[in-house]
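Enquirer: Need coordinates for the following:
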Amino acid sequence: YDAGKDGFIDLMELKLMMEKLGAPQTHLGLKNMIKEVDEDLDNKLSFREFLLIFRKAAAGELQEDSGLHALARLSEIDVSTEGVKGAKNFFEAKVQAIHDASRFEEEIKAEQEEKKKQAEELKQRKAAFKELQSTFKQ
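Expert: All right, here's what the predicted structure looks like:
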């Protein structure tokens, strides 16, 4: 989700991540999510701050209706048992799965477009045949 490849998740990257995880948030909700774990007050999440979300979730320190609680619930990993490296691998696998799903969606759309194109060509050929056929009937 770190589209900028700067080692941080900013507001727009967090927005995209929450949308892809199926829990979209308002702009204000996203700002509050960052604010809740932003230790250095730079308005973006470092990897350490990101992991803090899961520590707070495990300790029951997140509000039930907060975006961070939704994020922690959607991720399904226990950092205390998996460790930081396990969490990193988990999220990289999650990103890859989302990428693969979107690639499959693109392939399905391409197949559907091809079928539409073939159906249109068939329709045009039939219309041309009927036109040609009508000239022979006269």
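Enquirer: Is A23 in contact with M33, as I believe?
Expert: No: A23 is beyond contact range of M33, at 10.5 Å (criterion: Cβ atoms under 8 Å). All C-beta atoms are positioned from the backbone trio N, CA, C, and that covers glycine.
Enquirer: got any residues that touch both of the two?
Expert: G67, L71 (Cβ atoms under 8 Å, 6 or more residues apart in numbering).
Enquirer: the more surrounded of those two?
Expert: M33 (24 against 15; other Cβ atoms under 10 Å).
Enquirer: Can you give me the separation between that one and G67?
Expert: 4 Å (Cβ to Cβ, to the nearest Å).
Enquirer: what sits in contact with each of those two?
Expert: Shared contacts of M33 and G67, counting by Cβ under 8 Å, 6+ apart, come down to Q25.
Enquirer: who does the helix or strand L51 falls within touch, helix- and strand-wise?
Expert: L51 is part of helix 47-58, with elements assigned from DSSP states H and E. In this structure, helix 47-58 makes packing contacts with helix 27-37, helix 67-75, helix 79-137, judged by 3 or more Cβ pairs under 8 Å, 6 or more residues apart in numbering; DSSP states H and E.
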